[in-house]
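J.: Dropping a prediction and its sequence here:
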Amino acid sequence: MRVVHTVAELRAALAGQTGTALVPTMGNLHAGHMSLVELAKRHGRPVVASIFVNPLQFGAGEDFERYPRTLAADCEKLAAAGCDLVFAPDVAEMYPVPQTFTVQPPASLANDLCGAFRPGHFSGVATVVLKLFNLVQPRVAVFGKKDFQQLQVIRELVRQFNLPIDILAGGTLREADGLAMSSRNAYLGASERIQAPHLQRELAAIVAAVQAGEREFEALCATAGRHLRMAGWRVDYIALRDAATLQAPTPDSTRLVVLGAAWLGSTRLIDNLDFGLGHPA
Ligand code: PAF
């Protein structure tokens, strides 16, 4: 596996390749990322993983500075997983001039759910992902369903800009107690780590209620939020949406997703469960 840090090296390494599979990451890789590499390997070669903590997608006061940077360990894991090439640029390489051209996702997506609490976040994500797509020119790109709204933003980016890239979604990997794997889990203190699966349990309770026939969606979400607040969480949102559109479910919705974002101390966790109506998640 090669590791390159510059655009010139990346382009030279990929010259003539037409079947590249890209796995964009911000590093601090865990088993969830490795499952995305496995998925990428089944759909394209060479497999390229990018590792870049993208300042554009962090707001003021967010965790850009403290986001864990673990390049050597990440490269060991990627090599073991069969990745072919790692692109790990620094900020000056990715943004040699201020990135004043940015991608603005549709407001209905970008200002909703996480976007309502992290203004500009999805513009930052879409902008760096478009740059990565231009640099790597992949045939397929793999993103985790853990960031369900991000996945939707990227699918829309590809659709509206006619990008010839198939977007593949990798399922969320969980710890034994149900906590979704995330690089940010590293921020949790010992007692927070014990509490952290509570978010997933509240989402699962909503799924079970809906599958049992309950249709008072707002009440279900409000109850879950109340349970979390009573346990000491600060809740940004708990919401139930159509999984295809991320809008409110309609009578025609066949697949739903329940999404949540909440804070344990200074750590913001997100999670989601998508499920078919009448079928187990
Ligand atoms: O999901 C992430 O790790 C990031 O948002 C991404 C897609 C690599 C863009 O920086």
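T.: Yep, it's here. These numbers were taken from a predicted model, which means no experiment stands behind them.
J.: any idea of the mean pLDDT in stretch 38-58?
T.: Across stretch 38-58, pLDDT averages out at 98.
J.: for it, the distance to its chain's centre please.
T.: Relative to its parent chain, stretch 38-58 has a centroid offset of 12 Å by Cα atoms, centre = their mean, to the nearest Å.
J.: mind listing what residue 248 touches?
T.: 217, 241, 242 (Cβ atoms under 8 Å, 6 or more residues apart in numbering). In short, each C-beta sits where N, CA and C put it, glycine included.
J.: what's the answer for residue 188, then?
T.: Contact analysis of residue 188 by Cβ under 8 Å, 6+ apart lists 196, 264, 265, 267.
J.: Relative to the ligand, which of those is nearest.
T.: If you rank those by distance to the ligand using Cβ to the nearest ligand atom, residue 267 comes first, at 16.4 Å.
J.: Now do the contacts for the spatially closest residue to that closest one that is not a sequence neighbour.
T.: Nearest residue to residue 267, sequence neighbours excluded (Cβ to Cβ, 6 or more residues apart in numbering): residue 187, at 4.3 Å. Contact analysis of residue 187 by Cβ under 8 Å, 6+ apart lists 63, 66, 266, 267.
J.: Tell me the pLDDT of residue 156.
T.: 98.
J.: To clarify, my last question referred to residue 279.
T.: Looking at residue 279, its pLDDT stands at 48.
J.: Compare the contacts of residue 187 and tell me which has the most neighbours.
T.: Within the contacts of residue 187, neighbour counts (other Cβ atoms under 10 Å) peak at residue 267, which reaches 18 neighbours.
J.: what separates that residue from residue 126, distance-wise?
T.: According to Cβ to Cβ, to the nearest Å, residue 267 and residue 126 sit 25 Å apart.
J.: With residue 259 instead?
T.: Noted for residue 259: a distance of 19 Å to residue 126, by Cβ to Cβ.
J.: For the ligand, see how far away residue 120 is.
T.: Distance, residue 120 to the ligand, using Cβ to the nearest ligand atom, to the nearest Å: 13 Å.
J.: any idea how far residue 139 is from the residue nearest to that residue when sequence neighbours are not counted?
T.: The shortest distance from residue 120 to any non-neighbouring residue, by Cβ to Cβ, 6+ apart, is to residue 59 (6.3 Å). Separation of residue 59 from residue 139 (Cβ to Cβ): 33 Å.
J.: Just confirm residue 91 contacts residue 55, I think it does.
T.: Yes: under the criterion of Cβ atoms under 8 Å, residue 91 makes contact with residue 55 at 6.1 Å.
J.: more crowded one of the two?
T.: Neighbours per residue, other Cβ under 10 Å: of residue 91 and residue 55, the larger number sits with residue 55, 16 against 12.
J.: Next, the residue of the stretch 151-281 of the chain found nearest the ligand: secondary structure please.
T.: Residue of the stretch 151-281 of the chain nearest the ligand, by Cβ to the nearest ligand atom: residue 154 (7.4 Å). The local conformation at residue 154, judged by DSSP: H, G, I helix; E, B strand; the rest coil, is helix.
J.: Over to residue 273?
T.: Put simply, residue 273 is strand when judged by three-state DSSP.
J.: Any idea how many residues pack against it?
T.: Other residues within reach of residue 273, judged by other Cβ under 10 Å, total 20.
J.: bridging residues for it?
T.: With DSSP bridges as the criterion, residue 273 is bridged to residue 258.
J.: quick one: it from residue 170, how far?
T.: Residue 273 is 15 Å from residue 170, where distance means Cβ to Cβ.
J.: Likewise for residue 210?
T.: Counting by Cβ to Cβ - residue 210 and residue 170 are separated by 24 Å.
J.: do residue 207 as well
T.: 20 Å.
J.: Mind listing residues that contact the helix or strand bottoming out on mean pLDDT in the chain?
T.: Across the helices and strands of the chain, mean confidence by mean pLDDT, DSSP states H and E is lowest for helix 107-110: a mean of 94. By Cβ under 8 Å, 6+ apart, the list of residues contacting helix 107-110 from outside reads 104, 115, 122, 123, 149, 152, 153, 156, 246, 247.
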